[in-house]
Each structure stands twice: as C-alpha cells, then as structure tokens.
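[1] give the three-dimensional model of this entry:
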Amino acid sequence: MQQRDRSHKRLTEMVDHLANTEINSQRIAAVESCFGASGQPLAVPGRVLLGEGILTKECRKKPKPRIFFLFNDILVYGSIVINKRKYNSQHIIPLEDVTIETLPDTLQMKNRWMIKTSKKSFVVSAASLTERKEWISHLEECIRHLLSKTGRQPSTEHAAPWIPDKATDICMRCTHTKFSALTRRHHCRKCGFVVCGECSKQRFLMPRLSPKPLRVCNLCYKQLVAEKKKEAEEDIKRQTQICPAMAGYEPSSGDDSDKSDDDKLDQWQAEGEFYTSEMSWSSFHS
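    You can find the predicted model right below:
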C-alpha cells in the first residue's frame, strides 16, 4: 500500500512537472508529425507524454510490431511505416477504460499481457521481461491515477479478444468445418472465436461495440437474444409495479413544465534529442 502511494505521488509529480512545458509540447508535436494527416491531434491542456516503445501485437493474421505511446490519460498506437519518421493506422484508447491482464508465455510469443477495453481487447508482448514489467507498472499507475482523479470505478465489461486465425484449422463451434481458400474464417464479435459462415449467420446490435449489428456465432446469438428478452420482461415488470403506485395521483395545475438540460502522411524530419539513436528501445520520460 505504501509503495502504491509512493508510485502515485511520483506520477503526480512527474505529470505536474512536465505539463505545459516546452519539452512536453515538442514531444507531443513530434508524435503528431509522425502520424501526419492520418492521425488525430494529441495536444490538449494537461496531457503529458510519459513514454513510448515498440511492442508486438497479436493480430488476426500474425503478430506484428506496433509503436505505442503512453500519455497520462490515453494510450496511442499505430503501424510503423518508417520508425521514428512515419506511422499510420492511429488508435487512441482512453486509459480509464483499460484493464491489464498478465498472460503466460506461448511458443510464439513471450512477455505477454492483454489490454482489455469495452470496445476492443488485444494481446501484446515486450522484448524482455523487464520491459513488460515497466510497461505494466506505468500503465496501471496511470489508470489508478486517472480513476482517482475522475472518481470513476474500474471498467468491468470488456470486449473479447479475437483468437488468431492460425490458432485453429477448423470452426471452433461446429468443430467439423475445415477452413480453406474457399471456406473463409470469421470472428464472433461477442466471444472472439474463429467460426465458419454457417455458424455465424446472425447479426446482433451491441451498442457498446458498434452502432451497427455485428456478426456473432449461433451460440452467442441465442444467449444475446435470451438476455434481451429477460431485460424486456424485467422492464415490463418494473413498469407494472410503478403504475399502481401512481394511481389517483393528481398533477399540479401550475405553469411549470419539465425541460431537459440541455492515409495521407506527413514526413517528420527528426530534430533535437527526443528521437536520437542513443534512445533505448523503450523509454519512459521523467
């Protein structure tokens, strides 16, 4: 507990020290330049770039290197076109929506952990155990600091990570359809399983993930429909309980009324000491 308090104090001091400084502004501007026109603006008052590094992300087809930038309130990552010069496919994740889960090693990837959010969850790995510990430590401390500041509770609902295509040669639901050049793999957006077309014909609206109905496997579809039916029945039950209590109620005759309250890329030429050849593979700024 004391160690956590000390870490919290160090992070607060670091953020307070770097916020609104010229070096922090230059660092953030450098990241924006690397993403160019394809990225979103990152400079906002009080935002501090704390560290960066290259991590291997488990993607659908195969693991791929991705550049990650840790700010005090968001995690940004993207694809590497030219390291320290050009990045694209920018993704921005609010840290208050992130949960970290350490994972065991596999034959293909070591020093792994999962980044879980309500919209997307995925697995990354570091080049060494030390770097994994450093990343997780900084991530968790930033999340705790942000939740403490906003008063929010940690997120409990997370999107299922997609199982990589090569993890299975057959459908993970029917277990007999074999994938081939003609038989495509699909992913259920609810459980993340690799499934065939016959086992994933249904679509279901999951507003937390997308405004449009998403592909789900047959099993998850049945579960989602059952959950929706149960919620509807509970709503009706609540309404029937409220209505009798309102019987005989006379509304006021006053005049008051209720009103509701209202991939083009720019190439950045490296300058200064932020991106020097002496910088370590992964660094956290202080």
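[2] where does pLDDT dip in the chain?
    Along the chain, segments meeting pLDDT under 70 span 1-8, 243-286.
[3] chain center to the longest helix along it, what's the gap?
    The single longest helix within the chain, with elements called by DSSP state H, is helix 218-246. Between the centre of helix 218-246 and the centre of its chain there are 30 Å (Cα atoms, centre = their mean, to the nearest Å).
[4] buried residues, it. List them.
    218, 219, 220, 221, 224 (16 or more other Cβ atoms under 10 Å). Placement of C-beta: from N, CA and C, glycine included.
[5] before we move on, what about stretch 126-144?
    126, 131-132, 134-136, 138-144.
[6] and of these, the nearest to residue 101?
    Nearest to residue 101 out of the buried residues of stretch 126-144 is residue 136 (Cβ to Cβ; 9.7 Å).
[7] that closest one against residue 112, yeah?
    No. Contact between residue 136 and residue 112 fails when scored by Cβ atoms under 8 Å: they sit 10.7 Å apart.
[8] hey, what's in contact with both of the two?
    residue 102 (Cβ atoms under 8 Å, 6 or more residues apart in numbering).
[9] which other helices and strands does the longest helix of the chain contact?
    Applying 3 or more Cβ pairs under 8 Å, 6 or more residues apart in numbering; DSSP states H and E, one finds that helix 218-246 contacts strand 202-204.
[10] partner strands of the strand it packs on, parallel or antiparallel?
    Within its sheet, and counting by DSSP bridges, strand 202-204 is paired with strand 214-216 (antiparallel).
[11] which parts of the strand it pairs with are buried?
    By 16+ other Cβ under 10 Å, the buried positions in strand 214-216 come out as 215, 216.
[12] just stretch 177-188 next, same as before
    Applying 16+ other Cβ under 10 Å to stretch 177-188 flags 177, 179, 185, 186, 187, 188 as buried.
[13] list the contacts of the residue lying closest to the last one once chain neighbours are set aside.
    It stands for residue 188. Counting by Cβ to Cβ, 6 or more residues apart in numbering, residue 217 is the residue found nearest to residue 188 once chain neighbours are left out, at 3.9 Å. Residue 217 sits next to 173, 188, 190, 191, 193, 195, 199, 200, 202 when contact means Cβ under 8 Å, 6+ apart.
[14] all helices of this protein, in order?
    If DSSP H is used as the criterion, the helices of the chain fall at 2-18, 22-35, 129-150, 218-246.
[15] okay, these in a markdown table with distance to residue 86 next?
    Formatted as a markdown table, those follow (distance: least, Cβ to Cβ, whole Å):
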| stretch | distance to residue 86 |
| --- | --- |
| helix 2-18 | 26 |
| helix 22-35 | 6 |
| helix 129-150 | 23 |
| helix 218-246 | 39 |
